[in-house]
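Colleague: my questions are about this predicted structure, shown below with the sequence.
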Amino acid sequence: MRIGMISFWHVHAKDYAKEAQIHHDTIIKAIWDENEERGRKEAQERAVEYISDLDVLLNREDIDAVVVSSPTNMHKEIIIRAARAGKHVFTEKVLAAKENEALEILEAVNETGVKLFVSLPRVYDGYTEAIQQLIESGDLGDITQTRVRLAHNGATADWLPQHFYQKEECQGGALIDLGCHPVYLTRLFQGMPQSVTAQFGYVTEKEVEDQAVVTFGYQSGSYGIAETGFVNDHSPFTIEIHGTKGSAVYGMPEKVLLKKVSDQWEEVAVPDDRPSPFFQWIDHIQKDIKTDENLGLALELTVLMEAAYRAEEQRREVVITNR
């Protein structure tokens, strides 16, 4: 399968390029970037063609699919153009910052029949599957609270690219980037909430938030907490699941899943991770499998992100409707 790389704006673009190079059924044929200097450099490093006109790349018959790692505010235009050109699309989260934009993308994908897959990698990790099985088993009872935290020191150690702090391109800060993972995991564990609140921090005084806490309220009285940030040196990735009969924790601080339903904590077996989102995308194309599950979660992630930013901006609880 012949791949066109569209933009190396996102820090994960190089990871997707590497996956395209190591997958035995894919090859990178060409690169386009809104920053021509960056695009030509990436193309030179991989000994592939740089194409300065996006439409030329999208209309190339020797390109079957594209990886979109462009600024978030360009996702809608690029993905729709790619779909209408008959190219399958893999894209970095979030699909879009607004629900109406995400719906326009999905409409174009449905009309053209191409396979769109969004990178939501922690959905497919073994600990996520193990936690879902614990919840479904009833061992923990009715879930009363979840907490998922993922943070790093990208802003304080200054290793994130400066364009990650440009609000127009990113459509947000730490929450819309790193915070996607705690948010979609909370959605997986507890479902769509009834309401959303948010609190942002600006430790490094950037244009966008460099840390955030989002809370999700449910009709049952339970709630979920999603935490993220770019200002923490040693914060482990952690998950807490609490219920009326027991609790489960992961990453506190070791990468081990523990549950407590009696007097003692006991380790829970974690299955192997499923294939990466990129590899799953290729598999879905080759086997003509629908990507509805992935896209459904991606759409709901956009809904929750939009609600969280509105909640923080308006300093109020935002109600999730029609879900």
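Modeller: Right, received. Where do you want to start?

Colleague: you'd agree residue 97 is up against residue 306?
Modeller: Yes - checked against Cβ atoms under 8 Å, the pair residue 97 and residue 306 is within contact range at 6.7 Å. (C-beta placed from N, C-alpha, C; glycine too.)

Colleague: of these two, who's got more company?
Modeller: Taking neighbours as other Cβ atoms under 10 Å, residue 97 and residue 306 compare with residue 306 leading, 23 against 19.

Colleague: what helices or strands is the one helix or strand the more buried one maps to leaning on?
Modeller: Using DSSP states H and E, residue 306 maps to helix 292-314. Applying 3 or more Cβ pairs under 8 Å, 6 or more residues apart in numbering; DSSP states H and E, one finds that helix 292-314 contacts helix 99-112, strand 116-119, helix 180-190, strand 195-201, strand 211-217, strand 318-319.

Colleague: list the buried residues for it?
Modeller: If you call a residue buried by 16 or more other Cβ atoms under 10 Å, then helix 292-314 has these buried ones: 294-295, 297-309, 311-312.

Colleague: do stretch 56-72 as well
Modeller: Buried residues in stretch 56-72, counted by 16+ other Cβ under 10 Å: 57-58, 60, 63-72.

Colleague: just those: which are in strands?
Modeller: Using DSSP state E, the members of the buried residues of stretch 56-72 that fall in strands are 65-68.

Colleague: of those, closest to residue 47?
Modeller: Lowest distance from residue 47 to these (Cβ to Cβ) belongs to residue 67, with 17.5 Å.

Colleague: next, the contact list for the closest one, please.
Modeller: 3-6, 13, 16-17, 20, 89-91, 278 (Cβ atoms under 8 Å, 6 or more residues apart in numbering).

Colleague: can you redo the residues you listed as TSV with secondary structure?
Modeller: Shown next, in TSV, are those (DSSP: H, G, I helix; E, B strand; the rest coil):
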residue	secondary structure
3	strand
4	strand
5	strand
6	strand
13	helix
16	helix
17	helix
20	helix
89	strand
90	strand
91	strand
278	helix
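
Colleague: by neighbour count, which of those residues wins?
Modeller: Going by other Cβ under 10 Å, residue 6 tops the contacts of residue 67 with 31 neighbours.

Colleague: was I right about that residue contacting residue 81?
Modeller: No - Residue 6 is beyond contact range of residue 81, at 9.7 Å (criterion: Cβ under 8 Å).

Colleague: and the angle from the helix or strand hosting residue 136 to helix 180-190?
Modeller: Element membership for residue 136, per DSSP H and E: helix 126-137. If you take axes from the mean of the first three to the mean of the last three Cα atoms, to 10 degrees, helix 126-137 sits at 20 degrees to helix 180-190.

Colleague: strand partners (parallel or antiparallel) of the helix or strand just after helix 126-137?
Modeller: As assigned by DSSP H and E, the chain's next helix or strand after helix 126-137 is strand 143-151. Strand 143-151 sits in its sheet next to strand 223-229 (parallel), strand 238-243 (antiparallel), going by DSSP bridges.

Colleague: could those strands be laid out in a markdown table, adding mean pLDDT?
Modeller: Listed next are the strands paired with strand 143-151 as a markdown table, based on pLDDT from 0 to 100:
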| stretch | mean pLDDT |
| --- | --- |
| strand 223-229 | 98 |
| strand 238-243 | 98 |
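
Colleague: for the ones you listed, which one sits closest to residue 249?
Modeller: Closest among the strands paired with strand 143-151, once you apply Cβ to Cβ, is strand 238-243, at 5.3 Å.

Colleague: give me the buried positions along that closest one.
Modeller: Buried-residue list, strand 238-243, by 16+ other Cβ under 10 Å: 238-243.

Colleague: do stretch 260-279 as well
Modeller: Using 16+ other Cβ under 10 Å as the test for burial, stretch 260-279 gives 261, 268, 270, 276-279.

Colleague: closest to residue 122 among the residues you listed?
Modeller: Of these, the one sitting nearest to residue 122 (Cβ to Cβ) turns out to be residue 277, at 10.0 Å.

Colleague: so what's the closest one closest to, chain neighbours aside?
Modeller: On the basis of Cβ to Cβ, 6 or more residues apart in numbering, the spatially nearest residue to residue 277 that is not a chain neighbour turns out to be residue 119, at 4.5 Å.

Colleague: hang on, that neighbour packs against residue 13?
Modeller: No - applying Cβ under 8 Å, one finds residue 119 not in contact with residue 13, separated by 10.7 Å.

Colleague: need the residues touching each of the two.
Modeller: Common neighbours of residue 119 and residue 13 (Cβ under 8 Å, 6+ apart) are residue 92.

Colleague: circling back to that earlier point, mind checking pLDDT for the residue nearest to residue 277?
Modeller: Here the pLDDT value assigned to residue 119 is 98.

Colleague: same question, residue 323
Modeller: 58.

Colleague: so can I have CSV of the buried residues of stretch 260-279 showing secondary structure?
Modeller: Formatted as CSV, these follow (three-state DSSP):
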residue, secondary structure
261, coil
268, coil
270, coil
276, coil
277, helix
278, helix
279, helix
